[in-house]
Structure formats: structure tokens, C-alpha cells
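Q: Next input, structure requested:
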Amino acid sequence: MHSLISGDGRIEKGQVVALVGWRNFRRSLVAALVLVALSQMAAGPVFAARTHHFHHRIRHHFVVHHTGPLYHAVLLEDADSGRILYQENADLQWPPASMAKMMLLLVATDQIKAGRFRYSDPVVISARSAHTGGSRLGLRQGQVYPLGELMKAALIRSANDAAVAVAEKIGGSVPGAVELMNARARSLGMTGTHYQTVEGLPPTPGHDVDFTTARDLATLGRVLIYRTDLLSWSRLQMASFDYGAAMLHNTNHLIGHFDGCDGLKTGFTFKAGFNLTATARRGDMRLIAVVLGAPSNAQRFAQAARFLQWGFDNFVRIAILKGGQPLPLQVRTASGATVQPVTARPVSVVVRKDSIRDIHLHYDVPQVLATQIEAGMPIGQVEIMDGADVLDDVSAIYPLSNIGKPGISTGVAISESDRNNPQAIPRQ
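A: Prediction:
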């Protein structure tokens, strides 16, 4: 794995600018610091001069110097494949804070997909919901709102009172929803995660804190991206609540300020620090960045933006194989005929731009089939390799029609000794 700690894009853990008074911090200043963080990756000495001027202008009102770590855990992942492009402390258990709502909303979406509820179902605000602390809408006991509106408020505004109302609706109670959340986490293989709350608030006496990991949050993020429609909400900088009765301002300040960013969720408590699960798509590549325990509101966005930008700058998605593409192999069938296996599906991988030439294929396909195989059945595997690392694999399947004669060339020469050794990617 290539390190981020090199050149002008190095990640420094020394003295950095951190903002205080986060509750009153303006979105425009956050955006400015994100741009500063991105500039640092490429500007070299120019960055130092410009940021010195920037700091001088605002330091008396907004900033202090922070000498601690920029984060406690971070992970950057290709969302399509789940390949980790960079990580530090990816399995460190950490309080998710309001990012617990990501799992709550997945469970709610599951229940809606199963037909148990509808987005339009009315939800009566309970006393517990109305008196929930932290970030909230100010819902009052006895008010009635559609389930979908409350889900939207929990995601965009991170409203704790809305989250509790959603939990009581889909789980029958808050403890019931927590059970559903933990069961769903287990089903996804999120072994470093356990929920005690539905909204991520600090624990009440007698209860443990929620905990998760950057790796598990990336897994959860992939599910939200590809199996729900929640990005249609999380991509909005502002949205109306209750058909215009109020406006929801997105707590994710990368939305509208970082190219391609359309999700996902922020989280903050004094114990957790400033957390963020962010995703952005540019062209045919989508990335997920998880930052846990940043020291300030601005730094969580700056660090997520830095890692996302580094990913887009240094990685590219390349098409390796087409679906149904003939492979440069010839296999003898039990009847003596020769067939040319084909790929079961198209394959593309995300690789470092400077290592494209290192990508090769490894074929694990028998030379002779001992039994009769039907068309479309798998007869072996093709692994896409980056050095010794397997990036992906695809089944080599029996073609719909055979070649008929042994020895027919596919344009790529392969000796018997090379059959099970890494090969260069066949060119069409």
C-alpha cells in the first residue's frame, strides 16, 4: 500500500489550525478551510505564504493552534469494490455519535422495503421524543408527522428528536429499534460495532456508549449508497421539513463545497470528537472517507476532503474485461472438442495511476474437463492482480458455443507452462 506521507501531499500531525466555537461557526469559513486543505496537497511553498495571510486575518476571532492529532482513525475506500485505498486505525472502536443514525435509517428503509411501513405513515411524537436533547428540531408531544419527513430530518439536520420518533415507529420502542440495529450490523459483518442508542447521544447512567470502527462505517456507507435512496436526501444543502414549515440545513458542510460530494453523515459528542462519513463520486469512481475523532468541526471536513481529493488524484478506474469476453485459453472437453472460456461478467478495478502497468491476470482454469459441462457453467477463475494483491476475480465459464478444433489462436500466445502463471492483460 502506498503511503500518503510523501511529497507536498503529506499528512502532518503537528501544529494545525483548529476552529473553536463550532456551534456558531459559519459554513463559509468551513468551506474556506476545506479549500486550504486541498491547496496544501499541491501548492508547496505557495501554500505556506497564502495560509499565513489567511490565518493572520481570522486568528483573533476564530482560531487557536491545535497540537494534537488531526484524527484518531481514518479510512478511504473505493465504494464499488470495497477496496481500502488508505487507512489508519481502521479497527479502532470509537463512539459514532450521530452517525448511529446511519444504521437507524438503514433499518427503517429495510422495514419500508419489506412493506411493514410507508414513508407516508403518520408518526405521533411521544414525550420521550419531544424531550430528547442535543441537536433537535423542537418537536412537541402529540404532533404528527410523516415517517419519511422524520427520516429526512434525522439524516440532514441530525435531529435527535426525529430519530427517536423514527425508532419508536419502526421498532415499537427505542430498545426495539436498537435490537434491529444491532441485528443488522451483525448481518453486515460489522464485528466492531454495537449500538446502545438510536441517535448516538452519550450514554445515560447504567448504559454503555455506542461504538463502531472506521471499517464498519465504510461497510455501512456502501449499503446506504447502493441499497437505499438516502443519497437523494443527504446530497441536499437545504431541504424543507413538513412541506415548508421549516428548513433543514445539512450538517455535512462538504455538500456544495467539495466536487461530487453527496453524503453521508456527521457526528459529534465531547467524547467522540468530530466524526464524518463522507462520499463523493466523480465520473465512474465513487469514494468513501471516514474520519473519527477530529479535534474540530472544520478539521473533520478538511481531512475528509483531503483524503477524498488524494484518492481522486492518485487512483483511476480501468476496465479489465468485458462480460462474455473470450479468454486466451483453450480447454479440452470430455468429448475431445476444444472450447475457449469466456468471462461471466465485466470487470473493472480501481488502481493507482502509477501502477497500471503492474496489473496482470492469473488464470486458474483446467486444461481438460473430466465431465460434461453445460454452457454458462463456471469452469475456473480469473484473478485480477496488482503485484501479489488480488483486486478482483471473475468466473471463467463454458461458452455458448465451442471452437470446434484445438489450437485456434485468440491473438494472445500462452504456453502450457504459463497457463497458471500471471499474464499481462489481454488486449483486444
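Q: CA atoms for contacts and neighbours, from now on please.
A: Will do.
Q: ok, now which ones touch residue 322?
A: 343, 345-347 (C-alpha atoms under 8 Å, 6 or more residues apart in numbering).
Q: Cross-reference these with the strands and report the matches.
A: Here DSSP state E is the test, and those give 343, 347 as lying in strands.
Q: quick one: which of the contacts of residue 322 has the most company?
A: Ranked by neighbour count (other C-alpha atoms under 10 Å), those have residue 343 at the top, with 24 neighbours.
Q: Just grab the bridge partners of it for me.
A: For residue 343, the beta-bridge assignment (DSSP bridges) gives partners residue 396.
Q: I figured it hits residue 329, correct?
A: No. In this structure, residue 343 is not within contact of residue 329 by C-alpha atoms under 8 Å, at 11.4 Å.
Q: with the contacts of residue 322 in mind, which one is nearest to residue 114?
A: Among the contacts of residue 322, residue 345 lies closest to residue 114 (C-alpha to C-alpha), at 29.4 Å.
Q: contacting residues around the closest residue to the closest one other than its chain neighbours?
A: Closest residue in space to residue 345, ignoring its immediate chain neighbours: residue 323 at 4.0 Å, by C-alpha to C-alpha, 6 or more residues apart in numbering. Residue 323 makes contacts with 342-347, as judged by C-alpha under 8 Å, 6+ apart.
Q: Could you export the residues you listed as a markdown table, including distance to residue 210 and pLDDT?
A: Shown next, in a markdown table, are the contacts of residue 323 (distance: C-alpha to C-alpha, whole Å; pLDDT from 0 to 100):
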| residue | distance to residue 210 | pLDDT |
| --- | --- | --- |
| 342 | 48 | 96 |
| 343 | 44 | 96 |
| 344 | 42 | 96 |
| 345 | 40 | 96 |
| 346 | 40 | 96 |
| 347 | 38 | 96 |
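Q: Turn those into CSV, columns for distance to residue 378.
A: Shown next, in CSV, are those (distance: C-alpha to C-alpha, whole Å):
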residue, distance to residue 378
342, 9
343, 9
344, 8
345, 12
346, 15
347, 16
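Q: Relative to residue 315, which of those residues is nearest.
A: For the contacts of residue 323, the residue nearest residue 315 by C-alpha to C-alpha is residue 347; the value is 16.4 Å.
Q: Contacts only, for that closest one.
A: 319-323, 392, 394.
Q: Please report which of those has the highest neighbour count.
A: residue 321 (23 neighbours).
Q: so who does that residue touch?
A: 343, 345-348.
Q: hmm, try it at 6 Å
A: 346-347 (C-alpha atoms under 6 Å, 6 or more residues apart in numbering).
Q: cool, residue 390 as well?
A: residue 384.
Q: and with 8 Å instead?
A: Residues near residue 390 by C-alpha under 8 Å, 6+ apart: 383-384.
Q: What does the pLDDT read for it?
A: As predicted, residue 390 sits at a pLDDT of 94.
Q: again, but for the one 5 residues further on
A: At residue 395 the predicted local distance difference test score is 96.
Q: okay but residue 120 is in contact with residue 148, surely?
A: Yes. With contacts counted by C-alpha under 8 Å, residue 120 reaches residue 148, the gap being 6.3 Å.
Q: Quick check: closest non-adjacent residue to the residue nearest in space to the middle of the chain.
A: The chain has residue 288 as the residue nearest its centroid, 3.2 Å off, counting by C-alpha atoms, centre = their mean. In space, and not counting its chain neighbours, residue 288 is closest to residue 279: 4.4 Å by C-alpha to C-alpha, 6+ apart.
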